[in-house]
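# Below is the structure, and that's it, no one-letter string:
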RNA sequence: CGAGUUGGCCAGGCAAUCGCCGCUUUUAUUAUUUGUAAUUUAUUAUAAAUAUCUAAAAGGGGAGGAAAGUCCGGGCUCCAUAGGGUAAGGUGCCAGAUAACGUCUGGGGGGUGUGAACCCAUAGCUAGUGCAGCAGAGAGAAGACCGCCUAAGCGUGUUUACACGACGGUAAGGGUGAAAGGGUGCGGUAAGAGCGCACCGCGCAACUGGUAACAGUUUGUGGCAAGGUAAACCUCACUUGGAGCAAAAUCAAAUAGGGUUCCACUAGGCGUGACCCGCGCCGGAACCGGGUAGAUUGCUUGAGCCUUAGAGCGAUUUAAGGCCUAGAUGAAUGAUUGUCCACGACAGAACCCGGCUUACCGGCCAACUCACUUU
């Protein structure tokens, strides 16, 4: 199982069309003061994730890169633990306060959001 | 050693594990071509070569001095373009460097600093037009508020004399102002005044030095001023076509309309009309062309970097040798742990260069200046 921690092209949302499909058919929308998470059930074999981090919200490119890279790292590990569960297309929208969090706190935030997502999905099923 | 000036360099290091994006090599897979063998004579097997995709392994590489702001200049691409003029914009001491510049270097002039050095949008207001608060009598061929001067003629005191006054003269003094139309001294005068003279300053011309800007213990000449502002219009000189890599090129599903060839063949459908004739509209296939989504190229070998030597005060340039140093595309260069110290600022490539400007924790090196101490 050497491929465990990969984060390849297939696990990203690539085209504007991919993003639009998530926005148009959201199955769950969960937000806190730092980020908003959109999720759509997917038939594919992997979770896919896309980021929308506006220049208006987070000013410098360095800060935007940091947030994006950290979430990507988190999902890389998350994919391993969620092998046999329902697959989703995710879109992460960052808010202004995102840049004030350090890396461990970003982890906590996204973790709590994913927990809430799971609860909500279970309810609807 | 302290304070400082200028120029250059660095931008946390090391190790382990996991991850991302190119590149190179190898292997596997797939396709095509060729050869050989077998037979079902167009299939199978096998070998070699080439190519692409995917997968794996190994090796090696992977943000900056500002990558930023997008303020200038250039390359590159497309569009426009006979030539000339006008408009509009830009630049503005001189010489040089450069692909080019609003950049850089050297020099002149002015200013700041004890100094090393630094700063200057530094052409023309003796072509024209305009602008200048308050104060002040007057602010641009100026001006009589106080002051100074004067009494020939005039007025008043009746008259000569004398006194006072109006007219008049005066820019030396006071006062106002950022600025009051050269300064000092002597002569001169009613008082004054470049009115005259000397010296200083200034303008013009000559001469000398310098490529030039410009300079001068030089000579002559002019009594000597219509001052400031041109990041005010303007004048003069030089200069500028437009848009940008989402440029542009190639491949190319779809869709609208088009062309050529072949097939079908006057049959059928629809409209007009009560109906017929008539008139109008409507075929199928292949190929070409077209170009949207998408993909690929453009995309990193370049006015490149390093070293040495030569030319030059220098910017820079010439020669030789060496090096290849990110190329992503919803967009890679990251995460965790350990460890060391100075405890890590500003900040992320997006076609590429040359600058400028702005942001910034600090560290190192060189040259120079000032002060102090010591010899």
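In hand now; what should we look at? Quick caveat, the model's predicted, so the values are computed rather than measured.
# can you map out the strands along chain A?
A:28-31, A:35-42, A:48-52, A:87-94 (DSSP state E).
# and of those strands, who's closest to residue A:60?
Of all the strands of chain A, the one in closest proximity to residue A:60, counting by CB to CB, is strand A:87-94 (13.0 Å). Heads up, the C-betas are built off the backbone N, CA and C, glycines and all.
# quick one on the thing from earlier: find the one among the strands of chain A with the highest mean neighbour count.
Ranked by mean neighbour count, the strands of chain A are led by strand A:87-94 with a mean of 21 (mean count of other CB atoms under 10 Å).
# Report whether it contacts RNA strand B.
No - applying CB under 7 Å from any atom of the strand, one finds strand A:87-94 out of contact with RNA strand B, separated by at least 8.5 Å.
# Let me know the angle separating that strand from strand A:48-52.
10 degrees (axes from the mean of the first three to the mean of the last three CA atoms, to 10 degrees).
# Now do strand A:87-94: distance to the chain's middle.
For strand A:87-94, the gap between its own C-alpha mean and the chain's C-alpha mean amounts to 4 Å (CA atoms, centre = their mean, to the nearest Å).
# How about stretch A:111-119?
Distance, centroid of stretch A:111-119 to centroid of chain: 11 Å (CA atoms, centre = their mean).
# Can you lay out the strands of chain A as JSON lines showing mean pLDDT?
As requested, the strands of chain A are exported to JSON lines (pLDDT from 0 to 100):
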{"stretch": "strand A:28-31", "mean pLDDT": "81"}
{"stretch": "strand A:35-42", "mean pLDDT": "80"}
{"stretch": "strand A:48-52", "mean pLDDT": "79"}
{"stretch": "strand A:87-94", "mean pLDDT": "80"}
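# Please identify which of those strands is closest to residue A:106.
Shortest separation from residue A:106 across the strands of chain A is recorded for strand A:35-42, at 8.7 Å, computed as CB to CB.
# In terms of secondary structure, what does that closest one contact?
helix A:16-24, strand A:28-31, strand A:87-94, helix A:103-124 (3 or more CB pairs under 8 Å, 6 or more residues apart in numbering; DSSP states H and E).
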